[in-house]
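> Here is my input, please return the structure:
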Amino acid sequence: MNMCMFMQNTLTRLMRLPLISIALIQGKALGGGAELTTACDFRLMTPGSEIRFVHKHMGLVPGWGGATRLVRIIGSRAALQLLSRAHGVDPERALHLGLSEGTLSSSDETGSLEEARAWLSQYTEGPASVIQAVKKVVTAGRELPLEAALRTEKDVFGTVWGGPANLEALTRRQKHK
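Numbers count the residues shown, from 1 in each chain. This next block holds a predicted model:
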């Protein structure tokens with residue numbers, strides 16, 4: 001049970017990092033590896049890769065929070081299917097389920113890493129303070145009751161309103177671009 005709690009805490013901390021995270025699946029992400037992918041904000045797969053929750057074959061259920069996060073990512077019905085069948089999910093099926101954002105064209109380590117960085121840059125370009133604020137309000141919306149999430153959103157908004165990035169965008173009339 002100690003390892004279970006340690007990994008739940010570790011993966012929850014990963015999920016709550018104040019930055020956008022991505023899991024790049026190259027090869028097989030089995031068991032705990034599959035659970036780790038669910039703690040990231042996005043998942044990209046390479047051709048021939050696979051995500052598989054093999055816990056059933058080991059007489060277990062996920063214990064690191066992977067089942068709970070999987071339900072939130074793909075819904076309870078699809079999560080029940082993946083966990084109870086313990087079949088591998090290839091890139092095409094992962095995309096269809098909403099478990100993956102896409103399949104990279106490159107399979108080699110260097111090429112796929114560069115491709116993943118380029119893909120991620122569309123979400124991370126801009127002031128770090130704004131990206132962190134976006135992540136914070138999304139995390140609050142996912143984890144908190146509605147009223148608490150709305151308060152968090154208001155509070156975070158207050159930290160960026162009139163800040164350097166906001167003032168610079170107003171000067172450039174960024175809203176209309």
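> Could you check stretch 24-37 and say which residues are buried?
By 16 or more other C-beta atoms under 10 Å, the buried positions in stretch 24-37 come out as 24-26, 29-37. (C-beta placed from N, C-alpha, C; glycine too.)
> So which of the residues you listed sit within strands?
24-25, 29-30 (DSSP state E).
> residues contacting the residue nearest to the spatial centre of the chain?
Nearest residue to the geometric centre of the chain (C-alpha atoms, centre = their mean): D41, 1.5 Å. Taking C-beta atoms under 8 Å, 6 or more residues apart in numbering, we find D41 in contact with 15, 20-22, 135.
> One more: T103?
Here T103 is in contact with 44-47, 91-92, 95 (criterion: C-beta under 8 Å, 6+ apart).
> Go ahead and produce CSV holding the CA coordinates of the helix or strand of the chain with the lowest mean pLDDT.
Every helix and strand in the chain was compared by mean pLDDT, DSSP states H and E; the lowest is helix 164-172, with a mean of 90. Output of helix 164-172 as CSV, limited to C-alpha atoms (Å, rounded to 0.1, in the frame of the first residue of the first chain):
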residue,chain,number,x,y,z
PRO,A,164,2.6,43.0,-18.3
ALA,A,165,1.2,40.4,-20.8
ASN,A,166,-2.3,41.9,-20.7
LEU,A,167,-1.0,45.5,-21.2
GLU,A,168,1.2,44.4,-24.0
ALA,A,169,-1.6,42.6,-25.7
LEU,A,170,-3.9,45.6,-25.4
THR,A,171,-1.2,47.8,-27.0
ARG,A,172,-0.9,45.4,-29.9
